[in-house]
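1. got a predicted model here, sequence first, then my questions.
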Amino acid sequence: MGFTLSQLAYAEIGARGTQVSGPSMEEILSHALEAERIDREHVRRTNRALSEREALHLVSTRFHGGLQLGVALAAKGDLDGTGRRAVWDGIVRSRALSFDTMASRGRAVLESSDAEVERLALAFRQARSGLASAAIRAAAAPKDQAAAVALRRAQAEKDAAERALAGRSRTFATEFEQARVGADEVLERLPTDTALISYWIDWDWFSAPLEKYVAFVLRPGDPAPVVVRLGSHEEVDALVAAWRKKTMVFTGEGAEAASRAAGVKLRRAIWDPVAKYLGDARRILIVPAGQLHTVSFAALPVGKDRYLVDGPAAVHYLSAERDLVGGPAAQGQGLLVLGGPSFEAQPRGELLAQTSSYRGPRSSCDNFEKMRFAPLPESAREASAVEKLSRAASAKVDLLLGPRASETAFKELAPGHRFLHVATHGFFLGGACASTLDPVTHEMKSENPLLLSGLALAGANRRAAAGADEDDGILTAEEIAALDLSSVEWAVLSACDTGSGDVESLEGVLGLQRAFRIAGARTVVMSLWPVDDRATRRFMEKLYGLRMREGADVGTAMQGAMRAVLVERRRKGLSTDPFHWAGFVATGAWTEAPGGPP
């Protein structure tokens with residue numbers, strides 16, 4: 001229905017252009033947004049009975065004709081303030097529909113006193129764990145047909161268990177208060193001295209190229225957002241790719257200058273057009289879209305030798321505008337810190353290196369079977385430093401190092417803690433990795449993208465020897481999403497590429513950060529590229545000093561940690577390329593301050 005009404009609306013606009021009488025612009029917009037509302041409600045109701053995989057497929061194939069018409073009209077300047085606010089309200093309500101369903105499902109199970117729901121929830125968790133184990137075994141033996149069959153069977157069992165749980169939980173079927181949040185509720189919670197930038201990819205049928213980035217910019221008290229046209233989808237994504245490529249080539253003559261030149265071009269495309277509307281905001285909340293999820297905005301260069309992080313405003317990311325409204329405060333206690341896992345006492349097979357400078361594979365990972373995780377000495381030192389800084393702030397800390405930094409320990413101990421810190425190798429089996437693992441990872445990617453990213457913990461290099469019912473040292477995003485992390489205020493994923501994953505237009509990045517958020521964690525600190533072991537330790541020491549000891553909010557702590565590392569590098573005459581200090585970003589619920597002793 002949404003598509004049909006949208007087509008009619010386009011026809012009406014065409015008629016107006018030829019001076020043929022017809023409905024007013026307000027009526028056309030009203031019809032288009034009503035079509036979007038009906039279709040959105042249909043998706044919500046349908047998602048209740050689907051597995052996450054099925055819900056993601058439904059959302060990804062949905063045509064947002066009514067909403068995109070409204071965005072196109074707003075970007076052209078054809079709408080007044082009321083119309084622009086109505087369109088933005090549709091954006092707020094349409095983002096992350098599948099995420100809302102999965103998160104609500106988890107909360108409903110936790111709050112249920114129905115014995116049958118508890119039984120089905122246990123079956124679902126077991127099926128999810130079984131799927132993760134089957135995926136690891138299949139990836140380790142890509143030519144083993146029996147393993148591939150077992151993977152498909154495990155996926156079917158997980159889907160069946162999830163549908164059974166969704167059908168039984170009455171609480172889940174009615175718990176959509178967070179999903180009902182719209183423009184009014186978001187604006188009511190926008191803090192003083194804070195600006196909100198909502199990026200969006202517009203399917204603009206009025207001009208070519210069809211797909212364009214636009215930005216909705218709001219300040220407290222503004223009756224409606226300002227709508228800013230940016231570049232085409234193709235142009236902006238190319239600029240993002242060029243900047244990331246240059247930023248990660250951080251050695252050699254001219255490397256820093258090349259990175260800076262690419263950053264200037266990107267800043268002019270995605271930041272400069274909106275900056276004029278931010279006023280004197282001291283805090284900027286960003287909802288990314290498309291490949292902007294992979295950009296560290298604080299690292300965009302300004303002037304001769306400065307970056308946005310040098311300015312007065314701290315940047316924080318939201319996965320959706322509704323994050324600003326938030327939910328119940330996290331009630332966990334203390335910190336769980338894992339670092340320096342013992343991947344293998346006597347390695348079998350070729351390691352990436354005897355010790356690694358990076359917290360993730362730096363090659364195209366020949367295949368998952370041969371992938372070995374090298375020791376990370378600095379990650380153990382980092383974990384110990386985090387423990388000391390947190391204890392100095394009167395926090396209770398559980399520290400797991402070496403063989404104790406295991407998958408089993410994380411699953412058992414993470415629920416109930418208020419803060420989580422994991423310093424290890426991260427991985428994302430996308431791009432080159434996915435192609436080399438054909439056909440298994442291609443099937444995994446299309447069936448369940450949460451199986452393609454994870455964290456390596458103790459025993460990860462002996463995963464092939466793990467039994468079907470044993471933890472294998474590989475903690476996948478799929479397994480994390482099955483945990484109860486509703487106690488967690490923030491989770492710090494101190495590893496390479498923990499912000500990587502498949503990018504869905506309205507669902508965000510399907511990877512580790514989404515898994516932690518579905519499990520209940522309010523804020524996730526993650527990396528956007530491979531991070532250096534020693535540099536990461538220095539960054540984390542600064543971050544925890546600000547967050548725990550000085551009580552800074554997340555955005556201020558992140559800005560302060562980046563600045564501290566950057567200033568230190570300037571003082572020593574070292575490269576100031578963003579690779580060294582801007583790899584981590586925070587996304588999720590924004591909070592004023594930690595809110596009391598951890």
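-> Good, I have the coordinates.

2. residue contacts, the closest residue to residue 233 other than its chain neighbours?
-> Nearest residue to residue 233, sequence neighbours excluded (CB to CB, 6 or more residues apart in numbering): residue 211, at 3.6 Å. (C-beta placed from N, C-alpha, C; glycine too.) Contacts for residue 211 (CB atoms under 8 Å, 6 or more residues apart in numbering) come out as 201, 202, 203, 204, 232, 233, 234.

3. likewise residue 558?
-> Residue 558 touches 298, 314, 315, 316, 525, 543, 584, 585, 586, counting by CB under 8 Å, 6+ apart.

4. hmm, try it at 10 Å
-> 298, 309, 314-317, 525, 539, 542-543, 546-547, 552, 582, 584-586 (CB atoms under 10 Å, 6 or more residues apart in numbering).

5. need the buried ones from the contacts of residue 211 selected in PyMOL.
-> Written as a PyMOL command, the selection of buried residues from the contacts of residue 211, which uses 16 or more other CB atoms under 10 Å, is:
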select buried, resi 201+202+203+204+232+233
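
6. among the contacts of residue 211, which lie within helices?
-> 233, 234 (DSSP state H).

7. as TSV, the contacts of residue 211 with pLDDT and distance to residue 395 would be great.
-> As requested, those are exported to TSV (pLDDT from 0 to 100; distance: CB to CB, whole Å):
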residue	pLDDT	distance to residue 395
201	89	41
202	84	45
203	73	48
204	63	50
232	92	48
233	91	45
234	93	48
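
8. which of the contacts of residue 211 lies closest to residue 89?
-> Of all the contacts of residue 211, residue 89 sits closest to residue 202, with 16.1 Å by CB to CB.

9. for the stretch 201-350 of the chain, what are the low-confidence residue spans?
-> Applying pLDDT under 70 to the stretch 201-350 of the chain flags the ranges 204-209, 250-253, 327-328, 345-350.

10. then the stretch 401-550 of the chain?
-> For the stretch 401-550 of the chain, the ranges with pLDDT under 70 are 430-450, 467-469, 505-507.

11. what's across from residue 427 in the sheet?
-> residue 454 (DSSP bridges).

12. in this structure it contacts residue 498, no?
-> Yes. Under the criterion of CB atoms under 10 Å, residue 427 makes contact with residue 498 at 9.4 Å.

13. looking at those two, which is more packed in?
-> residue 498 (33 against 27; other CB atoms under 10 Å).

14. which secondary structure element contains the more buried one?
-> Remark: residue 498 resides in no helix or strand, with elements defined by DSSP states H and E.

15. residue contacts, it?
-> 359-360, 422, 424, 426-428, 453-455, 477, 491-492, 511-513, 516, 524-528, 531, 583-584.

16. picking that back up, look up the residues forming beta bridges with the residue nearest to residue 233.
-> residue 203.

17. measure it to residue 96 for me?
-> Going from residue 211 to residue 96 by CB to CB, to the nearest Å gives 20 Å.

18. mind listing the helices for the stretch 1-150 of the chain?
-> Using DSSP state H, counting those that start in this stretch, the helices assigned to the stretch 1-150 of the chain run over residues 2-17, 25-47, 52-60, 65-76, 81-94, 97-111, 115-140, 145-168.

19. ranking these by mean pLDDT, which is last?
-> Among the helices of the stretch 1-150 of the chain, helix 2-17 has the lowest mean pLDDT, at a mean of 46.

20. neighbours of residue 257, how many?
-> Residue 257: 11 neighbours (other CB under 10 Å).

21. looking at this, it is in a helix?
-> Yes. Residue 257: assigned to a helix according to DSSP: H, G, I helix; E, B strand; the rest coil.

22. how is this structure carved up into domains?
-> Under automatic domain parsing, the residue ranges defining each domain of the chain are 2-99, 112-174, 187-323, 327-532.
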